[in-house]
Structure formats: structure tokens, C-alpha cells
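>>> sequence unavailable; structure follows:
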């Protein structure tokens with residue numbers, strides 16, 4: 001690809017319980033069906049940890065020797081490149097969709113994996129128009145031919161419509177809830193927007209949940225919510 005391999009900086013990457021939690025999440029996504037290959041990840045609000053969850057999902061699939069592409073589609077205020085990787089100056093999705101760069105010029109390989117990252121790039125004035133245009137649809141269609149899984153980190157759907165636009169091109173979506181005070185109606189509205197896009201709602205990841213160390217770890221990190229059709233995974 002021409003780019004130097006980059007390293008990821010992930011919170012909890014050396015923590016056994018966190019690793020097990022994401023293995024459970026990865027397994028649940030696999031059980032959603034082999035046709036679920038392009039997955040959007042969104043949240044209700046900012047600071048819910050969706051970007052970290054997106055990266056961890058992508059890395060978890062890459063650990064299985066899968067060809068994985070992580071796309072950062074938050075062209076409004078993404079900090080993924082600087083916060084979670086070692087990459088410095090970079091071009092990304094906005095440059096690709098505006099024709100300023102080719103895809104191959106913006107793909108960054110992750111060291112010791114078959115995983116690549118496409119960062120958000122510079123902030124354009126019209127992110128929704130770019131994501132709803134034919135070039136983004138073509139990009140996803142072409143990447144399907146190369147990668148086993150495509151994970152797309154999107155802006156919070158509780159604040160802007162971008163994630164619903166992206167979800168139209170995806171096989172499924174995951175909602176990350178990191179704020180314990182998020183209103184039920186807000187989460188319900190986000191799920192409704194995902195469903196209205198024609199995308200399958202795969203489940204909910206409950207992030208930043210405090211648990212007692214005395215509890216058995218498997219119960220801490222995963223349970224099936226019998227009152228809902230969505231699987232709830234605790235980080």
C-alpha cells in the first residue's frame with residue numbers, strides 16, 4: 001500500500017477481562033450470520049467510547065487472521081488517528097470522496113495484522129453529502145471484494161444523521177452506550193433511525209460499566225437481556 005505499518009494504542013489491551021469481553025462480542029457478531037460483513041458502530045452521544053469499541057472489534061477480527069478494514073467516517077471531529085494510533089499527518093476518507101487522493105494512498109496497515117485503517121481526513125463542510133453520495137457507496141462495494149470485514153466508526157446518531165446515512169450501505173449496526181444516564185427514549189430513537197435506514201440492528205454494547213471485582217468475570221462482561229431482542233455486552 002506504500003504506507004508504513006502503524007501501531008494501535010488501545011485502552012485495556014493488556015487486560016484479560018477486557019480481552020475476553022471483546023472476544024465474546026466478536027463471537028456474537030459472527031453468530032449474526034456470514035452475510036454480516038460491513039458493520040456500522042454508533043452511539044447516542046459523544047464520549048460513549050464508540051471509536052474505541054470500533055477499533056477493538058476490528059482488531060479482534062484481525063486477530064483471527066481476517067482481512068479487516070476500519071473506516072473512520074466521523075468527518076466532523078474525529079480524534080481517532082492522534083489518540084488511538086501512531087500515525088502523524090495523514091489523508092483520509094474526505095480526501096478520497098472528494099477525489100483529492102486515491103484509496104490506496106490513504107490506507108494504513110496495522111503492524112503484524114491483515115488490518116488496514118482509513119482515517120476521516122480533513123473536516124469537510126458537507127460530510128452528510130459526501131457520505132450519501134455515489135462515491136462512498138462505490139467505495140464500500142469495492143472494499144467488500146477485498147476485505148472479510150469492514151467496520152465503520154460513525155458520529156453519534158443521537159446528535160447528527162451521518163450514522164443513519166452510513167448504515168444504509170451496511171449489513172448491520174451496533175449501538176454503544178457509555179453514559180449510564182442516557183434517556184431510554186434517546187436510545188430508542190437511535191435504534192429506530194437505524195431500522196428505518198434498512199440496516200439490521202445487531203445489538204447494544206454497554207461501555208464504561210462499573211462492576212464489582214468479587215463477581216465472576218463472565219457474568220460481568222456478558223449477559224443476554226431477556227427483556228430485549230438485543231444482546232447486551234458489558235466491557
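Sure, I can see it. Note that the coordinates shown come from a computational prediction; the quantities given were computed from them, not determined experimentally.
>>> any idea which residue sits dead centre in the chain?
residue 54 (3.1 Å; C-alpha atoms, centre = their mean).
>>> surely that one is in contact with residue 153?
Yes. Using C-beta atoms under 8 Å, residue 54 is in contact with residue 153, at 3.9 Å. Backbone N, C-alpha and C define where each C-beta goes, glycine included.
>>> find residues that contact each of these two.
41, 70 (C-beta atoms under 8 Å, 6 or more residues apart in numbering).
>>> before we move on, the earlier item: show me the contacts for the residue nearest to the centre of the chain.
Contacts of residue 54 (C-beta under 8 Å, 6+ apart): 41, 70, 151-153.
>>> starting at the chain centroid, how far to the helix or strand that contains it?
Per DSSP states H and E: residue 54 is located in helix 50-62. Relative to the centre of its chain, helix 50-62 is centred 6 Å away, using C-alpha atoms, centre = their mean, to the nearest Å.
>>> how about stretch 150-161?
8 Å.
>>> kindly report the same for stretch 84-103.
17 Å.
>>> now stretch 75-89
14 Å.
>>> picking up where we left off before, what pLDDT, on average, does the helix holding residue 54 get?
Computed over helix 50-62, the mean pLDDT rounds to 95.
>>> can you point out the buried residues in it?
50-62 (16 or more other C-beta atoms under 10 Å).
>>> any chance of those in CSV, plus distance to residue 96?
CSV is the format used below for the buried residues of helix 50-62 (distance: C-beta to C-beta, whole Å):
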residue, distance to residue 96
50, 22
51, 19
52, 24
53, 24
54, 18
55, 20
56, 24
57, 22
58, 18
59, 22
60, 25
61, 22
62, 21
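>>> thinking again about what came up before, make TSV from the contacts of residue 54 and add secondary structure to it.
Shown next, in TSV, are the contacts of residue 54 (DSSP: H, G, I helix; E, B strand; the rest coil):
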residue	secondary structure
41	strand
70	strand
151	strand
152	strand
153	strand
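>>> mind checking which of these are buried?
41, 70, 151-153.
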